[in-house]
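> this one's structure only:
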């Protein structure tokens with residue numbers, strides 16, 4: 001599943017390209033996540049359902065997609081970005097995740113440490129805090145932007 005965000009003039013136009021995920025794709029996503037973490041590269045797991053017409057017309061969705069797009073553009077070389085739909089968390093994590101909203105982000109520092117935000121991140125400083133966390137830097141972000149919560153998890157290991 002891929003999201004394509006396009007900026008046209010001063011108006012943010014959000015176009016979503018979704019493919020049906022076959023059962024074979026989830027192990028590929030799981031392998032990508034595990035491979036990145038095994039190599040020491042943090043993962044940003046974007047949990048997002050297909051955007052509705054109302055989503056695409058909302059200011060919150062526009063802000064969320066813009067901030068997320070900027071964060072991804074600035075950090076593609078440092079982090080692996082993976083997008084899944086909410087129900088696919090069950091096929092990646094061995095236990096139920098704390099994710100309840102249709103949009104969320106899980107910042108996986110390694111194979112046992114993560115922070116998450118359950119909902120749309122509407123503050124760019126939250127991404128700065130996440131970036132500092134993922135690379136192990138002491139954050140200078142104001143405490144009010146530190147809205148991420150710790151996430152204890154275990155990935156499903158599909159290796160023989």
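Sure, I can see it. What you see is a predicted model; the values in this text were computed from it and never measured.

> Helix, strand, or coil at the residue nearest the centre of the chain?
Taking CA atoms, centre = their mean, the centroid of the chain lies closest to residue 46, which sits 2.3 Å from it. Here residue 46 is strand, with the state taken from DSSP: H, G, I helix; E, B strand; the rest coil.

> Now name the helix or strand holding the nearest residue to it once chain neighbours are set aside.
Leaving aside its sequence neighbours, residue 46 sits nearest to residue 83 (CB to CB, 6 or more residues apart in numbering; 4.4 Å). To be clear about C-beta, it is placed using only N, CA and C from the backbone, and glycine gets the same treatment. Using DSSP states H and E, residue 83 sits in strand 80-84.

> Sketch out the low-pLDDT regions of this protein for me.
Across the chain, the ranges flagged by pLDDT under 70 are 1-26, 144-145, 158-160.

> residue contacts, residue 70?
124, 127 (CB atoms under 8 Å, 6 or more residues apart in numbering).

> any idea how far residue 35 is from it?
To residue 35, residue 70 is 26 Å away according to CB to CB, to the nearest Å.

> For this structure, which segments count as strands?
Ranges of strands in the chain, per DSSP state E, are 2-8, 11-17, 43-48, 80-84, 103-108, 114-118, 149-151.

> hang on, residue 130 packs against residue 108?
No. The pair residue 130 / residue 108 is not scored as a contact, 10.6 Å apart, by CB atoms under 8 Å.

> what sits in contact with each of those two?
Here residue 130 and residue 108 share the contacting residues residue 44, scored by CB under 8 Å, 6+ apart.
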